[in-house]
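Q: Got a predicted structure here, sequence first:
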Amino acid sequence: MATDDLPTRYALRRVDGLTWVIRDDEVPASDPRHVVARITHDEQTGVGVEWLGDFPLPDRYLTVEFALDDLVRWTRRREAWSQPVPIPHMPPRQAAAR
């Protein structure tokens, strides 16, 4: 998945030369849940991710974009699971005339 195709909910922001954060723009900036991950770059091992919420995702990735893509995929699957299943409504049967 290319990062250009990502929904606007999550934003990857560089803090300094080796550090990024992933923000959840559906959460107000004043809310502690606004930042969902801190990412640090290591030349030898890729990037380390500290997830700041309950995300069952790896803590190591090759690039910051892979971490963001994985979060977006996980969120989409989770949202799909929570969609209600429509149940067709059938009117009650009419009692047979006696």
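A: Received the coordinates, thanks.

Q: Tell me where the model's unsure across the chain.
A: Scanning the chain for pLDDT under 70 picks out 1-7, 79-83, 96-98.

Q: Nearest the geometric middle of it, what residue?
A: Most central in the chain under CA atoms, centre = their mean is residue 75, positioned 3.5 Å from the mean C-alpha point.

Q: could I get the helix or strand hosting that residue in PDB with only the CA atoms?
A: In this assignment (DSSP states H and E), residue 75 forms part of helix 64-81. C-alpha atoms of helix 64-81 as PDB (Å, rounded to 0.1, in the frame of the first residue of the first chain):
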ATOM      1  CA  VAL A  64       8.700   4.200   9.100                       C
ATOM      2  CA  GLU A  65       6.300   3.800   6.100                       C
ATOM      3  CA  PHE A  66       6.000   0.100   6.700                       C
ATOM      4  CA  ALA A  67       5.000   0.800  10.300                       C
ATOM      5  CA  LEU A  68       2.300   3.300   9.200                       C
ATOM      6  CA  ASP A  69       1.000   1.000   6.500                       C
ATOM      7  CA  ASP A  70       0.700  -1.900   9.100                       C
ATOM      8  CA  LEU A  71      -1.200   0.300  11.500                       C
ATOM      9  CA  VAL A  72      -3.600   1.400   8.700                       C
ATOM     10  CA  ARG A  73      -4.200  -2.200   7.600                       C
ATOM     11  CA  TRP A  74      -4.800  -3.300  11.200                       C
ATOM     12  CA  THR A  75      -7.300  -0.400  11.700                       C
ATOM     13  CA  ARG A  76      -9.200  -1.200   8.600                       C
ATOM     14  CA  ARG A  77      -9.500  -4.900   9.600                       C
ATOM     15  CA  ARG A  78     -10.600  -3.900  13.100                       C
ATOM     16  CA  GLU A  79     -13.200  -1.500  11.800                       C
ATOM     17  CA  ALA A  80     -14.600  -4.200   9.400                       C
ATOM     18  CA  TRP A  81     -15.000  -6.600  12.300                       C
END
